[in-house]
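1. The following block contains a protein sequence and its predicted model.
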Amino acid sequence: DKAGHKHFMAKEITEQPAVIGDALGHYLSADGRDVTLPGDGLDFSGFDRLTMVACGTAYYACLTAKYWFEQLAGMPVEVDIASEFRYREPPVTPRTCAVFVSQSGETADTLAALRYCEGKADTILSVVNVDESSIARESDLALPIHAGAEIGVASTKAFTCQLTVLLLLALKAAKDRGAMSADDMADTLSSLRGLPATINHALELDDDFAKAARRLSEADNALFLGRGLMYPLALEGALKLKEISYIHAEAYASGELKHGPIALIDKRMPVVVMAPRDALFDKTVSNMQEVMARGGKVMLITDHAGAAETDEGVWRLIEMPEVDPVLAPILYAIPAQLLAYHTAVAKGTDVDQPRNLAKSVTVE
Ligand code: F6R
């Protein structure tokens, strides 16, 4: 049932405020000032490191979480693609917490990576959407993301719910390790409770994204750039675009631009820049200027403060609602999804069943 939407993907995009709210309801204490996990007893102060393993969009959720765990909890984190991890024979030290993120809970490579860690890691944690899945069953602790069934092949609400649960885990780790005060934690959780309303405001920009996407749909290639927490989001934006619109898209950390990809820039190359006005904004602006100086077409997705500081020459600008910088990746998933969705609609591709893709990849 598409609930009046043309595609499951559109329905699932608009469900995000509700399902994120639902996930928060399951993981916050009654007074909203603390994180509570099912099956208490998980304590991050006993771990030396986190090893996070996943595929595709779930891998980008892990990459985002790496920034959170490092910045908020001071915890060393490595992130790996499951198909690489499982065959590399990586050493897993005893005080490792191994985290597997999977919407379906059945991805063959992720499951094999989990089994590789059994008997090596201290704790095997999973972040899943399907509670009765193999990955959930074989973990010491499975944390459900509460996104509800996801039908569209391209992951949308599962991604933002994965991010939400991973951020809550990073906050819990920060508290366990004495890296964050109870008041700072309560402040961040209070912003997080406001996030569903902010996402609703971003969803109201649907027409702006549809207009921008009509221009994007004329391109053969696109680049996505981001720095810091926006780098994994740039990767997710490029993946969404290629999988449903079949436009060739690549993402780079903005600072990598001059190490190669800038050679691709010409007047036919749209460059989507995801950049709220955060501590790294000025650096991203200078990368953007390098693109524009070479004729590249910049589509800037920023907030009010960012728009005010941007000069002429930007091809398209979309102004997002303001958000606590730590939550920006969850909010900026919306433009990544809506741009891809509307580009696919403009091109007339099969949004919910893109060619060659399966919802659950149970063979390697
Ligand atoms: C992209 C997408 C895939 C999945 C990947 C992992 O939109 O949906 O990249 O994220 O196949 O699947 P799960 O999360 O089920 O392990």
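-> Done, it's in. Values in this document were obtained by computation on a predicted structure and should not be read as measured data. Numbers count the residues shown, from 1 in each chain.

2. make it CA atoms for all contacts and neighbour counts henceforth
-> OK.

3. Endpoints of stretch 269-287, how far apart?
-> Length of stretch 269-287, first residue to last, Cα to Cα, to the nearest Å: 15 Å.

4. Residues of the stretch 51-200 of the chain that sit close to the ligand?
-> Residues of the stretch 51-200 of the chain found near the ligand (Cα under 6 Å from any ligand atom) are Cys55, Gly56, Thr57, Ala58, Ser102, Gln103, Ser104, Gly105, Thr107, Val153, Ala154, Ser155.

5. mind redoing it with 5 Å?
-> Residues of the stretch 51-200 of the chain lying close to the ligand by Cα under 5 Å from any ligand atom are Cys55, Gly56, Thr57, Ala58, Ser102, Gln103, Ser104, Thr107, Ala154, Ser155.

6. how close does the last one get to Leu192?
-> Here the distance between Ser155 and Leu192 works out to 21 Å (Cα to Cα).

7. and what of the third one?
-> With distances defined as Cα to Cα, the gap from Thr57 to Leu192 amounts to 22 Å.

8. In this protein, where's the longest helix?
-> helix 182-203 (DSSP state H).

9. For that helix, which helices and strands make contact with it?
-> For helix 182-203, the elements it packs on are helix 16-27, helix 157-176, helix 328-331, helix 333-347, judged by 3 or more Cα pairs under 8 Å, 6 or more residues apart in numbering; DSSP states H and E.

10. at 10 Å what do you get?
-> For helix 182-203, the contact count by 3 or more Cα pairs under 10 Å, 6 or more residues apart in numbering; DSSP states H and E identifies helix 8-14, helix 16-27, helix 157-176, strand 316-320, helix 328-331, helix 333-347 as packing neighbours.

11. Next up, the contacts around Lys240.
-> Contacts for Lys240 (Cα atoms under 10 Å, 6 or more residues apart in numbering) come out as 57, 154-156, 234, 246-247, 249, 336-341, 344.

12. Kindly indicate which of these lies nearest Tyr87.
-> Nearest to Tyr87 among those: Thr57, at 20.6 Å, using Cα to Cα.

13. what's around the closest one, how many residues?
-> 25 (other Cα atoms under 10 Å).

14. Am I right that it sits in a strand?
-> No. Looking at Thr57 with DSSP: H, G, I helix; E, B strand; the rest coil, it is helix, so not inside a strand.

15. Report the separation between it and Thr188.
-> Applying Cα to Cα, the value for Thr57 to Thr188 is 25 Å.

16. Glu84 too?
-> As for Glu84, its distance to Thr188 is 34 Å (criterion: Cα to Cα).

17. could you pull out the helices for the chain?
-> Using DSSP H, helices in the chain cover 8-14, 16-27, 56-73, 82-88, 108-117, 134-137, 157-176, 182-203, 206-216, 230-245, 281-293, 304-308, 328-331, 333-347.

18. would you list those helices in JSON lines and tack on mean pLDDT?
-> Below are the helices of the chain laid out as JSON lines (pLDDT from 0 to 100):
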{"stretch": "helix 8-14", "mean pLDDT": "97"}
{"stretch": "helix 16-27", "mean pLDDT": "98"}
{"stretch": "helix 56-73", "mean pLDDT": "98"}
{"stretch": "helix 82-88", "mean pLDDT": "97"}
{"stretch": "helix 108-117", "mean pLDDT": "98"}
{"stretch": "helix 134-137", "mean pLDDT": "98"}
{"stretch": "helix 157-176", "mean pLDDT": "98"}
{"stretch": "helix 182-203", "mean pLDDT": "97"}
{"stretch": "helix 206-216", "mean pLDDT": "97"}
{"stretch": "helix 230-245", "mean pLDDT": "98"}
{"stretch": "helix 281-293", "mean pLDDT": "92"}
{"stretch": "helix 304-308", "mean pLDDT": "95"}
{"stretch": "helix 328-331", "mean pLDDT": "98"}
{"stretch": "helix 333-347", "mean pLDDT": "98"}
